[in-house]
Each structure stands twice: as C-alpha cells, then as structure tokens.
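1. everything below, folded, please.
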Amino acid sequence: MSETTRLKANTSVPISMLQMAESGLASHRPSRKWLKGIMKRAAVALILQLRDGELGVWMIRRAEREGDPWSGQMAFPGGRTEAEDEHGLATARRETEEEIGLHLGTLEPCIGKLSELNAVNSRFRGLVISPYVFHLKRSVNFHPNYEVAEVVWVPLEFLLDTDNREEMVWVRNGIRLRMPCYFYEGRRIWGLSLRMLDELMDVVAGKSPERRRWSRF
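-> Presented below is the predicted three-dimensional model:
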C-alpha cells in the first residue's frame, strides 16, 4: 500500500494536508548542528501552497553554471548567509526574493523549521543549511534571476506515493552509491533536497519504512 493510500485510509476525520503540516511542524523538534558556530551558514525556503485544493511545494531548477556544484539540479530557493542577515530566517527570505522575486512578508508566515543539514562537496566543506517552511496564501508571478532556470510546483501527494520513488546511482570519489530519487515531469529530485522533503513528509504523514533513508558516507 502506498503512503498516499495509507494516509487516506487512516484519516477518519477530514483533515487537510495543510492542517497536518502546520500542526506537525508546530510540534516538530528538528535536529541542529552543534558546531555551526564555526561553520559557514546557508538557509533555504520550502514554500507550501494550495493549488486547486492540492498541497504542493515550490522548487527551483538551478541554471546550468560553471563552478556551481548544484548546477542544473532541483533545489529550493536559498543561499549563503550574509553579514546583513540577522539570522537564518532572514537569509531564506532575502535569497528567495533575490532568486525568484518572491517577497516572503507577514502574509507568508514561516510555519516551521526542518533539521539542519551539512552540505559536503569540494567547494563548501562544512556548510550548514537551515531549511524553513512557509505557507504561501496568494497568487504570485515569479521572476527568476540568472541563477534559476525555472520554478516548479511539486504536489506532495506525488511525493507521498512511494510507488513514485526510484533509485539512482551516484558516483563519488570512484564509489558507486545507490540513492533514492523521484522524477517529477522529467526532473530528478534527490540529494539534500530529498532529505528535506522526506523529513517534511514524515511530519505530514508519519515515518514510512518505504521511504528508505540514505547517507553520503
């Protein structure tokens, strides 16, 4: 039975997925990186929005750029913390406006935070990423900058349906690793972005053994 089917079968009282996300995030206790004070920082925004009664999350496909370790990949708007940012939440808001032209103000509340992740690659060793979850309640037109190829809405029901979950092979330092992924309309969702989404789905629908965890090392 897929997670979507199980979710519907176990819901005796009609509760919207958005309400489940909001209540789950309110009580969620994300993990933190205790050495983050001496590490570089970044933050991203997971923006939830209802479209035709269905809850989804806005993602970006990064533009193909030489020197960008995440070039062409599916990700969330966000970036490195700058000196003027008071905290990670400010970074997520600023970067979202810079990358896709969306101002996350008082009408787009931050409804929760997910666990901090350590991005490991040849360029950014020891970069701690803080994911923040927002609820977008209004219709908007995105204006991507040069870093973003497109903005894509991905329905959570697609991600909750574990029949859509696939495997890929990632080669790192000559080692072949089998890792989970999704292909949504031809776009591959994997890596750190998928780890964030998996945690969000755990919050919404509870942990599922069908969502196999992974580790880089």
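
2. in this protein, what helix or strand scores lowest on average pLDDT?
-> helix 3-9 (a mean of 49; mean pLDDT, DSSP states H and E).

3. and the longest strand seen in the chain, C-alpha only, in PDB?
-> Counting residues, the longest strand found in the chain (DSSP state E) is strand 40-51. Extracted as PDB, the C-alpha positions of strand 40-51 are listed here (Å, rounded to 0.1, in the frame of the first residue of the first chain):
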ATOM      1  CA  LYS A  40      29.600  28.600   7.100                       C
ATOM      2  CA  ARG A  41      25.900  29.000   7.100                       C
ATOM      3  CA  ALA A  42      23.100  28.900   4.500                       C
ATOM      4  CA  ALA A  43      19.300  28.800   4.500                       C
ATOM      5  CA  VAL A  44      16.600  27.700   2.100                       C
ATOM      6  CA  ALA A  45      12.800  28.200   1.800                       C
ATOM      7  CA  LEU A  46      10.300  25.300   1.400                       C
ATOM      8  CA  ILE A  47       7.200  27.200   0.200                       C
ATOM      9  CA  LEU A  48       3.900  25.300   0.500                       C
ATOM     10  CA  GLN A  49       0.900  26.400  -1.500                       C
ATOM     11  CA  LEU A  50      -2.600  25.000  -2.200                       C
ATOM     12  CA  ARG A  51      -3.500  24.900  -5.900                       C
END
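
4. identify each buried residue in that strand, please.
-> For strand 40-51, a neighbour-count test (16 or more other C-beta atoms under 10 Å) marks 41-49 as buried. All C-beta atoms are positioned from the backbone trio N, CA, C, and that covers glycine.

5. please apply the same query to stretch 174-187.
-> So for stretch 174-187, counting by 16+ other C-beta under 10 Å, buried means 179-182, 184.

6. show me what the longest strand of the chain is packed up against.
-> Judged by 3 or more C-beta pairs under 8 Å, 6 or more residues apart in numbering; DSSP states H and E, strand 40-51 is in contact with helix 17-27, strand 54-62, strand 78-80, helix 88-100, strand 127-135, helix 191-205.

7. and the angle from the second one to helix 17-27?
-> What that stands for is strand 54-62. Angle of strand 54-62 versus helix 17-27, following axes from the mean of the first three to the mean of the last three C-alpha atoms, to 10 degrees, is 70 degrees.

8. start the count at 31, not 1, going forward
-> Got it, first residue is 31 now, which makes that one strand 84-92.

9. listing partners with orientation, what would you give for the following helix or strand past strand 84-92?
-> Counting by DSSP states H and E, the next helix or strand C-terminal to strand 84-92 is strand 104-105. With DSSP bridges as the test, strand 104-105 is paired with strand 84-92 (antiparallel).

10. report the angle between the axes of the partner strand and helix 118-130?
-> 70 degrees.

11. and strand 84-92, average pLDDT?
-> Per-residue pLDDT values over strand 84-92 give a mean of 96.

12. ok, and what's touching it?
-> The contact list for strand 84-92 (C-beta atoms under 8 Å, 6 or more residues apart in numbering) reads 46-48, 51, 76-80, 98, 100-107, 129-130, 166, 174, 177-187, 217, 219, 223, 227, 230.

13. same question, stretch 56-65
-> Under C-beta under 8 Å, 6+ apart, the answer for stretch 56-65 is 69, 141-146, 148, 158, 229, 233.
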